[in-house]
Structure formats: structure tokens, C-alpha cells
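J.: When you get a sec, could you give me coordinates for this:
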Amino acid sequence: MVNSFSNQDRNGIWDRRTRFNEILDERNEAVSDVLFKKIGSPHGHHFLDVGCGGGGTTVRMANSVSSNAHVTGIDISESIVSLAQENMKSIKNVDFILADAETYQFGTIKFDGVISRFGVMFFSDPIRAFTNIHGAMREHAFLTFICWPPRQENAYFYTMTEAVLKHTGKEYRDTGTEPGPLAFSDNAYVESILNSSGFSNVSIETVKTQLSAKMTPEFDAGMHMEYGPSSLLIKDAQPDEITKKKIYEELLFVCTSHQKGEYVSHDALISVVSAIS
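T.: Take a look at the predicted model:
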């Protein structure tokens, strides 16, 4: 089974990320809480948010630093950057760059800290990317990002992907370090990348959290058909309409079992990675 994250997949999934931006930001709010608890109230003048999406974490970062500090968000999706620029145009101490952090030339400004929430697992050459980011940071600046641990250890990923595989007749293939949501699930691999890119004092902590948003199970199941850990498996399997209906019903069963009042909440594990430049 081929469930790799190709360039074509990236273009489509970023567009869907834009479409679901508001609900995904709500669902990831507890993840952001973990990220910002980790970094506290950092000192400095310039900060970077890699894979900034619709700018929610960028603005939260701007609210976590001094009023005269500036935060830049960078993302490769034209649609998501346009959304961030439109939504955050009244906020004076943030800006957004449409570019790939792996190759973008950041110029002479040096960042005092770099953050990311699920935005760094998609680089085609991670060492090149983090070396480039490292070169844009001041000495002893901090790097803190969130990524996913292994699928089999994460109830959210495992449950949602198994719901799809149950009806496709295919086995799950571990994509290892291929670019994609689980590319950084091996802690030793992540540490080796960061060390090779010039970072030190690497630490990785696994944290339990919940992905929760106010929505119906029907909406959540439909979203998982298009975005999230199950969607790439569906795309690769190319199921017929009857099978698609069975997959949706299976996802709906799972999402309904996680309904709590007006919310759907999934238990999840996340990895919190920190390092110093």
C-alpha cells in the first residue's frame, strides 16, 4: 500500500486545510496550550512560526511576547497564507510569508525563537530545512515544535486509520521518515536531524491531550474523509462509492462514540520537541 505524501497530495491537503481552518484551530486549541506553556513568555524582538496555517498560532505568539516584538508566519500554501493575511490584517506586529522554510532566504533579521504546531514534518530534506532555519536564528535562540508520535501509540491516529483500513482490505504501511504527518514519529530520527542542523539541548516529551471542537459527529466524519489521518488512506485506496459509504459510516460510528454534548473530542498524544540554536 502506498500512502506517501506526494506533491499532489500536499497541494490538495493544504487547500482542504484552508477550508477547515476555523474548526481545525478550535480542535487544536489544547495542542496550542501545550506549545505555549512550554515556551512561556520569551524575551526577544523577532520570532518565527513555521507552517503557520491560518495564523492562529502566529497571533497567539504575538500575544505571548512584548508589545514591541514582531512575529512572522511562513507557510507554503497560497490559500492559507491569503486567509491569514486577511484575518490578521489589523494586527500590527505580525506578518506572513508565502514560502518554503526549507529554502527561503530569511535575510539579515535573526529570530529569537521559532515555533511550529504540526508544520515541520513535510520538508523534502529536513536537515536542509532545519539548517536553513538555524541560520536565521540568533545564538541560543529557542526552537519548539509539536509533531505526532507513532501511529500505534496514538489513539487518535490509530482509531481513525483503522476505520478506513477495515473497509479497504489493505494493510497499513508504515511510511517511516517520508514527508507526511508521521515523518517525525521516531524521536531518535528527530534528534539526529536537529543535531545535524546545528541545534543542541534537544528534548522530546510526549504529552496526552484532546482534540476537541464544537461540531456534530456527521461533520467530523465528513472532515476525516477529506482531511486528517484517514484521508490519505482513502485517496490511495480509491474506493468505489459503496466502499466510501461504508468508510463514512465507520468513521461516523467512531466520531459518535467520541461525542460529548455539542463537542466531539478525540484522545491524542503529541510530541513536544525543544532545542537551542
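J.: can you map out the helices along the stretch 51-200 of the chain?
T.: Listed in chain order, the helices of the stretch 51-200 of the chain (DSSP state H, counting those that start in this stretch) span 56-64, 78-87, 126-135, 155-168, 187-196.
J.: I'd like to know which elements the strand or helix carrying Ala221 is packed against.
T.: For Ala221, the element it lies in under DSSP states H and E is helix 217-226. Applying 3 or more C-beta pairs under 8 Å, 6 or more residues apart in numbering; DSSP states H and E, one finds that helix 217-226 contacts helix 231-237, helix 241-257. C-beta coordinates here come from the backbone N, C-alpha and C atoms, glycine included.
J.: what's the most buried one of the ones you listed?
T.: Ranked by mean neighbour count, these are led by helix 231-237 with a mean of 20 (mean count of other C-beta atoms under 10 Å).
J.: tell me, which of the helices and strands packed on helix 217-226 is the model least confident about?
T.: Least confidently modelled of these is helix 231-237, at a mean of 91 by mean pLDDT.
J.: out of everything not next to it in sequence, what's closest to the spatially most central residue of the chain?
T.: Residue closest to the average C-alpha location in the chain (C-alpha atoms, centre = their mean): Phe118, at 1.9 Å. Closest residue to Phe118 apart from its sequence neighbours, by C-beta to C-beta, 6 or more residues apart in numbering: Ile146 at 5.9 Å.
J.: what's the spacing between the residue lying farthest from the centre of the chain and His167?
T.: Distance from the C-alpha centroid of the chain peaks at Ile242, with 31.3 Å (C-alpha atoms, centre = their mean). In this view, Ile242 and His167 are 10 Å apart by C-beta to C-beta, to the nearest Å.
J.: can you list the helices of the stretch 51-200 of the chain in TSV and add distance to Thr256, mean neighbour count and mean pLDDT?
T.: Output for these, formatted as TSV (distance: least, C-beta to C-beta, whole Å; neighbours: other C-beta atoms under 10 Å; pLDDT from 0 to 100):
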stretch	distance to Thr256	mean neighbour count	mean pLDDT
helix 56-64	27	22	96
helix 78-87	30	18	94
helix 126-135	38	19	98
helix 155-168	12	19	95
helix 187-196	34	17	98
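J.: nearest to Glu249, of these?
T.: Among the helices of the stretch 51-200 of the chain, the nearest to Glu249 by C-beta to C-beta is helix 155-168 (8.9 Å).
J.: any idea how far the closest one is from the chain center?
T.: The chain centroid and the centroid of helix 155-168 are separated by 19 Å, computed with C-alpha atoms, centre = their mean, to the nearest Å.
J.: Could you export it as CSV, CA atoms only?
T.: Taking C-alpha atoms only, helix 155-168 is exported to CSV below (Å, rounded to 0.1, in the frame of the first residue of the first chain):
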residue,chain,number,x,y,z
ALA,A,155,-5.3,6.5,19.8
TYR,A,156,-6.5,9.3,17.5
PHE,A,157,-4.3,8.2,14.5
TYR,A,158,-4.8,4.5,15.1
THR,A,159,-8.5,4.6,15.5
MET,A,160,-9.2,6.8,12.5
THR,A,161,-6.9,4.9,10.2
GLU,A,162,-8.1,1.5,11.2
ALA,A,163,-11.7,2.6,10.5
VAL,A,164,-10.6,3.2,6.9
LEU,A,165,-8.5,0.1,6.5
LYS,A,166,-11.3,-2.1,7.8
HIS,A,167,-13.2,-1.5,4.6
THR,A,168,-10.4,-1.1,2.0
